[in-house]
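The following comprises the amino acid sequence and a computationally predicted model.
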Amino acid sequence: MAALWEAYKAPAGGGVVRTYCIITVPANAQVGPIHDRMPLVLEAEDWPLWLGEEPGEPATLLRPGVDDVLLVDPVRARRSAR
């Protein structure tokens, strides 16, 4: 999954603060019935562009994955504790 991260020194105290986020895109046909967004799942051949190892515009990768890129499985009802 595509993500962004950053680390910086906090002004108060000087400790290192690390932040992370998962990039989302519009849902594909498989995820759409569950939610309108989904994580951006990058194909292995797209990794160098996303990581800045080859020239190009990473924004071109912001698209829904193929329909079978994620496993969609119903969650079973939780049994109540006795």
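Now that the structure is in, tell me what you want to look at.

Sketch out the strands for the chain, chain order is fine.
Listed in chain order, the strands of the chain (DSSP state E) span 3-9, 16-22, 24-26, 37-39.

Tell me which other helices or strands the last one touches.
If you count contacts as 3 or more CB pairs under 8 Å, 6 or more residues apart in numbering; DSSP states H and E, strand 37-39 packs onto strand 24-26. C-beta coordinates here come from the backbone N, C-alpha and C atoms, glycine included.

Show me which residues of the strand it packs on are buried.
By neighbour count on 16 or more other CB atoms under 10 Å, the buried set for strand 24-26 is 24-25.

Name every strand pairing with that strand and say which way it goes.
Looking at strand 24-26 with DSSP bridges, its paired strands and their directions are strand 37-39 (antiparallel).

Could you give the number of residues near L70?
By the criterion of other CB atoms under 10 Å, L70 has 16 neighbours.

okay, the helix or strand of the chain with the lowest mean pLDDT in PDB with CA atoms only?
Sorting the helices and strands of the chain by mean pLDDT, DSSP states H and E puts strand 3-9 at the bottom, at a mean of 91. What follows is the C-alpha trace of strand 3-9 in PDB, where atoms were taken according to Å, rounded to 0.1, in the frame of the first residue of the first chain:
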ATOM      1  CA  ALA A   3       1.900   5.700   2.200                       C
ATOM      2  CA  LEU A   4       3.700   8.900   3.100                       C
ATOM      3  CA  TRP A   5       5.800   9.500   6.200                       C
ATOM      4  CA  GLU A   6       7.700  12.300   7.800                       C
ATOM      5  CA  ALA A   7      10.000  12.700  10.800                       C
ATOM      6  CA  TYR A   8      10.900  16.000  12.400                       C
ATOM      7  CA  LYS A   9      12.200  17.500  15.600                       C
END
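
No further queries at this time; thank you.
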